[in-house]
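[1] I would like the atomic coordinates for the input below:
(2 chains)
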Amino acid sequence: MPIDFSYKKFLVIDDFSEFRSTLRRILWGFNAKDIDDATNGEAALDMMAAKAYDIILCDYNLGYDKKDGQQVLEEAKHLGLLRFSTIFIMITAENNLQMVMGAVEYRPDDYLIKPFTRDVLKTRLERAFGRKSDFELIEKAIAAKEYLKAIRLCDQYVQKIPKNIFEYMKLKGELCITIGDFQTAKTVYEKILSIREIPWAKLGMGKVLYYTENYEAAAETFRALTAENSMYVEAYDWLSKTYIATNSHEDAQQALVIASEISPKSVMRHKTIGEISYRLNDLDTSERSYKKAISLGQHSYFRSPSFYTGLAKVLVDKKEPDTALNVIRDIRNAFQNDTNASMHASAMETIVYRDMNRTEEAKKSMQDAMMMLDASTEKMPENIAIDLAKACFDLGDKAAGTRIVQQVVRNNHEDEEIINRVKDIFANTHMESEGSQIIAAAQKETIQINNKGVRLVDEGRLEEAIEYFEKAAASLNGNKIINANAAQALIMFMQKNGKDDALIGRARKYIEQVASIDLSYSRYQKLLGMFENLAGG
Amino acid sequence: MIDKTGKDSKDMQFPAFLASIAHDMKNSLGMLITTIDEIIAGCSSEDCRSKPMFSRLQYESKRVNNNLIQLLTLYRMDKSHYNLNIEYNSVPELLEDAVIQNRPLLEFRNISLRTECQEDLSWFFDRDLIAGVLNNVLNNAYRYANGLITITAGVRDGYLAIDIADDGQGYPDYMLTGSAGSGTINFSTGSTGLGLYFASIVAEMHNNRGKEGYIRTSNCNIGGGGCFSIFLP
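    Numbering: from 1, shown residues only, chains lettered A, B, ... in the order given. Prediction:
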C-alpha cells in the first residue's frame, strides 16, 4: 500500500545524533517534510503531548540510566499521547529485542533491527498502515472501555482476517481477563494451546488460574514458563504475585529480583520489591529498591509519594530517623501543590517524630495530616493509615486515631487481614476492648449504610438511592460493595428513565472503582454487561 | 530457574565482556552499512565509477554483520539467554523482507530473485531467526549464483518448507546433508560452515508436538545448482 509521506508528521527518538540525521535523510527520501527529533524519552513525551504525530520511530536504547524506548511507549500509552492511527516503531539492536517482544501488554506496532535499509523501513511503514486498519475498531472499543463490544469484534475478525487470528484471540483472552470473565478466557487459551504451545497463551492460562484462586497450579504454570523462557519478565512478575497470594514472600522476592535483573528499569517492580522486602524484614534490599523506584520514577508517569513513605519507614526501622525526615522533605519538593502527597508526607512525619519522641512536632504533623485527609480525594493507603492511627493513639489523640481506624474498617469491612492489623494497634496500646468496639461498630455501620441504600432501591426510590450511595461511596471509596451499588442504582435509573451522558459517566466511574478494588468480584462483570448494554444501545 | 541470581557472575565475566565488545563492533558496523547504503543510493552508475567498489564494500560488510549476528545469537542460546519468539507470521512478508534486503546487491551482479508463495500463507516461527537464516543463504548465493535465485515456500507434510535454489555450481559433496533430516554437516572441512551450523540450530529450536525443524542442502537435478531448504514444524 503506497503512502504519501509528505503529509505525515514524524518523530525520531534517538540519543545518537549520527543516527537521527541518517534517519532524517532516509525519511526525506520518502518525500517526508515534517520530521521532528528528540534525544531522550522525556523530551519525546513532551513533544508528543504538544503535537499529534503520525509515525514515531524510537530507539530502544536511549542511554545509560535514561528511560528506554519501552518505557517511552508505556508512558505515552498511559498518558494518552498515542492516537489509534499513530504508528510506533521500535528500533533496536538485536540484543534488546527480547525486551521489546517479551512484553505482552505494551508492544510497538513493529520493530526494526539495526542496521536496516531504507527500503526495509518503507515496506514496514506501509505494512504498519495496513495492519492499523485491521485492529482499528477493536482498539477504539477498548479505548472507550467498551470491552464486551471489543470481544464481539475479536470474534468477528477471526473469521474476516484469518492471518491475524492469533492476535485477535490474544486480545480476546486479555479482554476477558480485564472484565473478569475467566471461564471464557480459559476457553480461549485452551484452544490456542491445543494448536501450539505459545508462551503468551501459557501466561494467560496462568493468569486465569491465579484469578480463580488455583494458586498451586498457577505457580506451576509460571515456574514452567520461566524455566523454558528465562527472559520472560512478565512470567516472573506473575509468579511473584502468585507467591504473595500464598504468603510465600521469600519466593516472591526472589522471582522479582530476577525479573528486575532482566529488566532493570521498571519503576513499579522496584517498588514492589521494596514492599515485599520490608515485610521480610530485609531492610537493606527494601531500602535499595525504594531508592531505585524513586530515582527511576523521578520524571515518570509512575512516580508516587508511596515510594518515599516506604523508604522512610525502612529508615525508621533502621534507626535512621534523620534520614527519614530528609526523605519526607523530598516528597514535598517532588510533589508540590499535591494534597495527597502532602497528606502522605505529614502522616509519615507524624510516625517519625513520634518514634524520635519529638512529641510537639509529631502533634503538629498529625494535625496537618488530619486536615489534609479531609481535603484529599484519594484514600490513604492502608499501611500508612494504620501506622498513623497508631501514632495518634500514642500521642494521646484518641479522636483522630479512632477516625482513621473507622475509615480503614469501613473501606475494608470484610477484609480479615486488615481488620487483624487494626486490632494489633489496640493490642499494643492496651485498648483491646475499646478497640474491638470501635471496629465492630464501624463494620456494623457500613453494613447498615449499605442495607439502607438497598432498601431505597427495592422500594423503587432510585433517585434517592443514587444520591445516598454516591454520598456513601464518596467517603467509602475503597468499599467495593458500596461502589457496585452506586453503579447499579445509576444503571437501573437509566434503564427506567432513559440514558444520560452525565449519569453514564458517573456509573462508569463507580464500575472502574469496583474493578480497581477487586477485579474478581462476582458483581463486576454483571454490572459491566448491564452498563454496556445501556451505554451502547 | 529461580536460583541464578548472579552467583555465576565471575565465570560469566569474560565471555560477557567479549559479547559486549561484539555488540560495540556491531554498532559501528551498523553505521558503516547505513552509510554505504546511502552512498550507493546517491550514486547512479553513469556518474559514479566507484559504484562497483562500493557494492563490494556493501557485500562484505553485510557478510561480517550476518556472521556477527549469528555468533551473538549462538552465544545467547548457549547461555540460554535467547528466548524463541514464535509467532504466527505471514510467510510472503518474510520472503518480501528478504528480497528487499538482498535485491540491490544481487541486481548489481545481474542476478534476479524470484519468489513463489501463496499469498495468504502464515506459519509459526521466530521471524528474526528465520530472516537471519534466509539473509545468510542469499548472501552466499550472491557468490555462487549465475543469474537466478528462486525462493519457494509452501506447506509439505505438516512442515513449512522454504527452498532457496540457485543456478550455480551446486554444493560441494562435503556440504550436502543427504536425505531429509538424517544428515549432519561436517564442519571440520575447509569452510567454517557457520551459516549452515546456525541454520541447523535455528531449525532445531523450532519444534512442535514432538517434531523438530531441520535443514537440507542438495543439488538440483536439472542445472545442478545448490538448493538450501529449511523445514519448520
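[2] With A:K114 as the reference, measure out to the closest residue to chain A within chain B.
    In chain B, no residue comes nearer to chain A than B:G30, which is 3.8 Å away by CB to the nearest CB. Using the backbone N, CA and C atoms, a C-beta is placed for each residue, glycine as well. Counting by CB to CB, to the nearest Å, the separation of B:G30 from A:K114 is 5 Å.
[3] Ok, B:L194 next?
    In terms of CB to CB, B:L194 sits 21 Å off from A:K114.
[4] Overlap of the contact sets of B:G30 and A:K114?
    A:A93 (CB atoms under 8 Å, 6 or more residues apart in numbering or on different chains).
[5] what separates stretch B:75-84 from the chain centre, distance-wise?
    Centroid separation between stretch B:75-84 and its chain, computed with CA atoms, centre = their mean, to the nearest Å, is 18 Å.
[6] which residues of chain A score low on pLDDT?
    Low-confidence segments of chain A (pLDDT under 70): A:1, A:94-105, A:377, A:536-537.
[7] Just the closest residue of it to chain B, please.
    A:P115 (3.8 Å).
[8] three-state assignment of that residue?
    coil (DSSP: H, G, I helix; E, B strand; the rest coil).
[9] before we move on, the earlier item: is it true that the residue of chain B closest to chain A touches A:P115?
    Yes - using CB atoms under 8 Å, B:G30 is in contact with A:P115, at 3.8 Å.
[10] Which one's more surrounded, these two?
    A:P115 (24 against 19; other CB atoms under 10 Å in any protein chain shown).
[11] OK, contacts around that one?
    Contacts of A:P115 (CB under 8 Å, 6+ apart): B:L29, B:G30, B:M31, B:I33, B:T34, B:D37, B:N65.
[12] Mind putting those into TSV with secondary structure and pLDDT?
    Below are these laid out as TSV (DSSP: H, G, I helix; E, B strand; the rest coil; pLDDT from 0 to 100):
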residue	secondary structure	pLDDT
B:L29	helix	87
B:G30	helix	86
B:M31	helix	85
B:I33	helix	88
B:T34	helix	86
B:D37	helix	84
B:N65	helix	88
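[13] Can you tell me which of these are buried?
    B:L29, B:G30, B:I33, B:T34, B:D37, B:N65 (16 or more other CB atoms under 10 Å in any protein chain shown).
[14] and the nearest residue to the fifth one once chain neighbours are set aside, backbone torsions?
    To tie it back to what came earlier, the one meant is B:D37. Take B:D37 and drop its neighbours on the chain: the residue closest to it by CB to CB, 6 or more residues apart in numbering or on different chains is A:T117, 5.4 Å away. For A:T117, the backbone dihedrals (degrees, to the nearest 10) come out as phi -90, psi 170.
[15] same deal with B:Y88?
    phi -90, psi 100.
[16] and it, how many residues sit next to it?
    Around B:Y88 there are 20 residues (other CB under 10 Å).
[17] Which secondary structure element is home to the closest residue to it other than its chain neighbours?
    Using CB to CB, 6+ apart and skipping residues adjacent in sequence, the residue nearest B:Y88 is A:F166, 4.4 Å away. Per DSSP states H and E: A:F166 is located in helix A:165-178.
[18] List the contacts of that helix.
    So helix A:165-178 is in contact with A:104, A:135, A:138, A:142, A:147, A:150-151, A:154-155, A:157-158, A:161, A:182, A:184-185, A:188-189, A:191-192, A:198, A:200-201, A:204, A:207-208, A:211, A:519, B:87-88, going by CB under 8 Å, 6+ apart.
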